[in-house]
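**Q** Got a sequence here, can you model it:
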Amino acid sequence: MPKREMMILICIYLKRLQMMGIEVQLRDEKLKAKEEGEDLAQEMAELRYDWNLRLKENEGKVLLMFVVFQMLEVPFMRTW
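**A** I've put the predicted structure just below:
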């Protein structure tokens, strides 16, 4: 095999190795992004649960304030 053809084959082989490395990196980045997305989704779900829990805890207080203000004939909320 002539030297020129050998060099071309070596270059092709090296480019294929380089492409395989890039594919592995891409796969790793996709996996990392997927894991980060799942972590964020979990964190959002926990925050939503906590928010709803706090709303339910304060629901009775707000209702009581509304009733008291109605009895005292005081506007419950002002709009500025």
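**Q** Spatially central residue for the protein, please.
**A** L40 (3.5 Å; CA atoms, centre = their mean).
**Q** Let me know the helix or strand that it is in.
**A** In the assignment (DSSP states H and E), L40 maps to helix 3-72.
**Q** What mean pLDDT does that helix get?
**A** Across helix 3-72, the average pLDDT comes to 90.
**Q** From the chain's centroid, how far away is it?
**A** Offset of helix 3-72 from its chain centre (CA atoms, centre = their mean, to the nearest Å): 3 Å.
**Q** Tell me the helices and strands packed up against that helix.
**A** The helices and strands touching helix 3-72, judged by 3 or more CB pairs under 8 Å, 6 or more residues apart in numbering; DSSP states H and E, number zero. In short, each C-beta sits where N, CA and C put it, glycine included.
**Q** State the distance from the residue nearest to the centre of the chain to R48.
**A** 12 Å (CB to CB, to the nearest Å).
**Q** Same question for L55.
**A** 11 Å.
**Q** Likewise for E5?
**A** Counting by CB to CB, the gap from E5 to R48 is 64 Å.
**Q** same thing with E57?
**A** Between E57 and R48 the computed distance is 15 Å (CB to CB).
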